[in-house]
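Undergrad: Okay, here's the prediction I keep looking at, along with the sequence it came from:
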Amino acid sequence: MNEKISKIIIDWGLEHGIAVIGVVVVALVVHLIGKMAIAKSVRTVIKAEGDSCVSKEAEKKREDTLIRTLHWTWDIFIFVVGFIKVLSAAGIDAAPFLATAGVAGVAIAFGGQYLIKDLISGLFMILENQYRVGDVVNIAGIGGIVEDITLRKTILRDLDQNVHHIPHGSVTTVTNMTR
């Protein structure tokens, strides 16, 4: 009985194991190359835009936020594609996994629609460079100095030293009084 199991494992390893290892290696290489390309591209674009009114620190924060966001997206993309390719290389039908992922994706999208709205709005605010850390702005009727910008929210400090956390999904109008 043990010989039969050993033969099955060896046959599977020779037929599928090498392909699975190849897919994993290729996915890791593509992942690393993609991350380096993302970082280099973002830094090149930000430097090409070059705004002399902006501190190097604010420019660096914008770069880091964009890079972090794009890296996160790239990680998910490579994982999903790599997982499907590994299943295929292992001789497993990936269709049931894709169908389950589709249903789960719809459920998560409905449950997290406000979070997704905040993230997408935040990405566009950062890409469009509407305001930066240190700018004096009026957002959603609250005026103050921008202390931090994340992908999900902006943190403002008003004249009374109160700190306001404003989710990007709720922002309809931004007035930048620094520019």
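TA: Received it, and whenever you're ready, just let me know what you need. Numbering: from 1, shown residues only.
Undergrad: Distance of residue 160 relative to residue 143?
TA: According to CB to CB, to the nearest Å, residue 160 and residue 143 sit 11 Å apart. C-beta: built from backbone N, CA, C; applies to glycine.
Undergrad: which one of the two has more residues nearby?
TA: Between residue 160 and residue 143, residue 143 has the larger neighbour count (other CB atoms under 10 Å), namely 14 against 6.
Undergrad: Which pLDDT value does the model give that one?
TA: On pLDDT, residue 143 comes in at 92.
Undergrad: which SS state does it fall under?
TA: Residue 143 carries the three-state label strand when classified by DSSP: H, G, I helix; E, B strand; the rest coil.
Undergrad: which phi and psi does the closest residue to it other than its chain neighbours have?
TA: Once flanking residues are discounted, residue 143 sits nearest to residue 158: 6.3 Å by CB to CB, 6 or more residues apart in numbering. With angles defined as degrees, to the nearest 10, residue 158 sits at phi -90, psi -180.
Undergrad: so what's residue 158 up against?
TA: By CB atoms under 8 Å, 6 or more residues apart in numbering, the residues touching residue 158 are 142-144, 164.
Undergrad: Which members of those are the farthest-apart pair?
TA: Greatest spatial distance in the contacts of residue 158: 143 and 164, 9.5 Å, computed using CB to CB.
Undergrad: on contacts alone, who are the packing partners of the strand or helix carrying residue 47?
TA: Here residue 47 sits within helix 18-49, counting by DSSP states H and E. Packing partners of helix 18-49 (3 or more CB pairs under 8 Å, 6 or more residues apart in numbering; DSSP states H and E): helix 56-89.
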